[in-house]
Structures are given as C-alpha cells and as structure tokens.
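**Q** Need coordinates for the following:
(chains A, B, C and D)
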Protein chains: 2
Amino acid sequence: MAQRNTWQRERVREALADARGFVSAQTLHASLRDDNTGIGLATVYRALAGLAAAGDADSLQSPEGEALYRACTTQGHHHHLICRSCGLTVEIEAKDVEQWAHRTAALHGFTDAAHVVDIFGLCTPCANKREAERAATA
Amino acid sequence: MAQRNTWQRERVREALADARGFVSAQTLHASLRDDNTGIGLATVYRALAGLAAAGDADSLQSPEGEALYRACTTQGHHHHLICRSCGLTVEIEAKDVEQWAHRTAALHGFTDAAHVVDIFGLCTPCANKREAERAATA
DNA sequence: CCAGAGTTGATAATGGTTCTCATTAGCGTT
DNA sequence: AACGCTAATGAGAACCATTATCAACTCTGG
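**A** The predicted structure follows:
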C-alpha cells in the first residue's frame, strides 16, 4: 500500500493539464480553491512534487524565484520554448544540444552532467499585440 | 547625482570578483562580515541587484531557489558550466547553441528570443572526493 | 466492518529577499 | 572647508514561497 488514490491528487493533475503553460503552486492552489474544493496548499505542493518525481510534470525556477510546474506530454528528457508574455509553452527536442552539453562537460573534466536549456521569447500573437500597443502609444 | 560611490558597493564588487564561481547574496554577506566590515545584508542585495542591472554581473536561480550572482569577466553573452558541489564555474561559448536557439524559436513563430543554457555537473576534484567517500562508507 | 498506514489540511516554522525609516555620508555648491 | 540636499546605509520587520508538524481522516486489504 505504497500510494493511494485521492481526489485531491486527481484534481491537481487535472488542473495542471488544463493550464496552457507553466503555473506556480500558488496559482494552482488558488484556482482549485475557486472551484469550491477545500484543498490545502500543502497538499498541492505534495501532489506537484509527486508528479514531478514521477516524471509526469517538470518544474523550473521562474526568474522571480517561484517554482513553476507543467504537465509533461512528452515523456523523457526535453526542453521548453516559453512565451514570456502569455506563458504558452512548446516542448522541443534538442538532441544536438544534449550531445553538445555532454561533450562540453567532459571537455572540462566534468562528470554527471545535467543541463538547463530553455528559450524565452514572444509567441506570434503576443508579438503582434505588443506591436499594436506600441503603435497606439506613438 | 543619480549614483554615488560608496566603499560598500566597492567591497561587494571586489568580493564578487574574488569568488571562484557563483555565490549567493547570503554567502557574500557572510564573508564580508568576516572581513570585519559592518556591511548590511540589505546593502549587499542592493549592490548585487545594481551590478546585475548594469551588466557587470549575471544572476541565475539555483535549483534550491536561491539567487546566485557572478562577476562577468567575459563581456557579452555566454554560458556557464557549474560544479554542483563546490560551485566552480567555467564560462563557455556556445555559438552552435546560440544559432540553434534562434532557429528553433523562429521555427515556432517566436521572436525576441533569449535563452538559458547552463550545465551542472561535478568537477574532477569533487567527483574524486565523492568517490572516496563512497568507498569509505562501504 | 476493522485496523493500520498513507493523506490531508490548518498552522507554525523556515529561509531567502525586500521594505521601512531614521541615520549617515557622497558630492556639487558656496 | 563648511553646507545642504538627497542617495545610500543598516537593523530589523515585513513578505512570500516552501516545508515541517501533527492530529484528524480515509483509502484499502483482510
């Protein structure tokens, strides 16, 4: 009896899947609260940690220091392309980069190499929107 | 009179330059304290933020959520190879990766792409040390 | 239905970072 | 060199995300 199925865990999983991009535990908890579930903050954290450990979600640190989580559709190692305006996330593969990372690490005598590779940018809709705003201001 | 020169700011700059790799504001503050300077924690944070904003230092979030800073010796864009045990940092170039990042971003309609590429691993000394410890335990 | 162990959730604790505000000290001016 | 204006400082409080605590709860196998 190592792991039990609770509705709380399921709700967290659903909420994470519904989110377009990365969300913080706080945000997730807030939206679950709004859905009249009396779910506790600690539980959300535990569920997210569990999902991340199981490989069903991955996490990254936002520049503001918050931990962000996202449901993993692609199993295994992969990277992200993230819109810094709306949070839209695209999962990308980067075999070349993987190899480069390992090669570079080895070159400098580093072993047990892990790497962080993420690209932040503006997706087309957001770029257009920003352009429109700039035009309106001028 | 927008910016003043204070010995505190200078000490922070020096301490950051002396550090081998990335250091946290806390660590930096602690070592400055040991040097019998009565410098305040808040001041260290302010100085670091200022350096980072001016481009004289760059910062990243450690997996533990701490903000780490490092003096930039290489001006311009570059990446890091960091020992997760001792903090030793090597600055690396990655022209290939730069191009890949831009190409990938463009491919998905993303513009204004920035990227985060850092490799964490164990440097040779730390790998050896860890090996020795494992041997001792067994 | 029972018992026992994994879960939950309210709350306290932790720890890094930022804010407050009275005091200090650059720096241009006189 | 002294003056005054204002940015900078620093001790501690405030903040906020995350984690630990622990009694109450609820799955699940028997």
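**Q** only C-alpha atoms for contact and neighbour calcs from this point on.
**A** OK.
**Q** so who does A:Gly121 touch?
**A** A:81-84, B:105, B:110-114 (Cα atoms under 8 Å, 6 or more residues apart in numbering or on different chains).
**Q** Is it located within a strand, as I assumed?
**A** Yes: judged by DSSP: H, G, I helix; E, B strand; the rest coil, A:Gly121 forms part of a strand.
**Q** ok, now how distant is the nearest residue to it once chain neighbours are set aside from A:Ala127?
**A** Closest residue in space to A:Gly121, ignoring its immediate chain neighbours: B:Ala113 at 4.2 Å, by Cα to Cα, 6 or more residues apart in numbering or on different chains. According to Cα to Cα, to the nearest Å, B:Ala113 stands 11 Å off from A:Ala127.
**Q** what's the answer for A:His102, then?
**A** Distance, A:His102 to A:Ala127, using Cα to Cα: 34 Å.
**Q** Count the neighbours of A:Trp7 for me.
**A** Counted with other Cα atoms under 10 Å in any protein chain shown, the neighbours of A:Trp7 add up to 10.
**Q** Please indicate which of the contacts of A:Gly121 are buried?
**A** Buried subset of these (neighbour count, 16 or more other Cα atoms under 10 Å in any protein chain shown): A:81-84, B:105, B:110-111, B:113-114.
**Q** hang on, the earlier thing: wouldn't the residue nearest to A:Gly121 be in contact with B:His102 here?
**A** Yes: between B:Ala113 and B:His102 there is a contact at 6.6 Å, judged by Cα atoms under 8 Å.
**Q** Chain A against DNA strand C: which residues are in contact?
**A** A:1-4, A:6-9, A:38-43, A:46-47 (Cα under 7 Å from any atom of the strand).
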